[in-house]
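# everything below, folded, please.
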Amino acid sequence: MSNRRTTFEEEISQHGQLIYTNVGNSMIPLLRQGKDLLVITHKPEGRLNKYDVPLYKRDSGKYVLHRILKVRKDDYVIYGDNCWQMEYGITDSHIIGVLSAVIRDGKTIPVTDRKYRIYVHLWCDFFFIRVAFLWLKALPRRIKRKLKQ
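The predicted structure follows:
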């Protein structure tokens, strides 16, 4: 028996999906760190769509799970649900798989679920309001940091 750990790519290739728990808070409130399970499946043929949540590997080798805000000719504009900075230059070659469901408190919520779709539209369609909210929410922390300097 081997103790070798498989990569995300190998796991999806061998089993058709990857189920794991996320690390980080960039996808709050959708994903709770260490509590929710993510179901990542094969990348579909062709281009992904706005609001899809791809698992991709940056050129640095870091794995990231963020949402597509805009589909452009050669790449995607991507960001985390709890982020206000957009990432550019993510291409189809970076993408390993796509979120197909979240398992929260033992209940599987597919990305096709009506409540999930409502959340996505409310959270994403009002992106600039959310950005302002997140910026204001972080303001006291930034002021405190400045005062300490």
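# can you pull the pLDDT of the residue nearest in space to the middle of the chain?
Centroid-nearest residue in the chain, with C-alpha atoms, centre = their mean: residue 66, separated by 2.4 Å. Here, the pLDDT recorded for residue 66 equals 96.
# got a list of contacts for the top helix by length along the chain?
Determined from DSSP state H, the single longest helix within the chain is helix 127-148. By C-beta atoms under 8 Å, 6 or more residues apart in numbering, the residues outside helix 127-148 that reach it are 69, 82-84, 123. For the C-beta atoms, the positions are set from N, CA and C on the backbone; glycine is no exception.
# now the lowest-mean-pLDDT helix or strand in the chain, how far from the chain's geometric center?
Lowest mean confidence among the helices and strands of the chain (mean pLDDT, DSSP states H and E): helix 127-148, at a mean of 83. Between the centre of helix 127-148 and the centre of its host chain there is 22 Å, according to C-alpha atoms, centre = their mean, to the nearest Å.
# again, but for stretch 8-17
Taking C-alpha atoms, centre = their mean, one finds the center of stretch 8-17 at 18 Å from the center of the full chain.
# the residue nearest to the centre of the chain contacts residue 82, doesn't it?
No: Residue 66 is beyond contact range of residue 82, at 9.9 Å (criterion: C-beta atoms under 8 Å).
# just the contacts of helix 127-148: which are in helices?
Per DSSP H, the subset of the contacts of helix 127-148 in helices is residue 123.
# just flag the most distant two among the contacts of helix 127-148.
The most widely separated members of these, counting by C-beta to C-beta, are 69 and 82 (13.7 Å).
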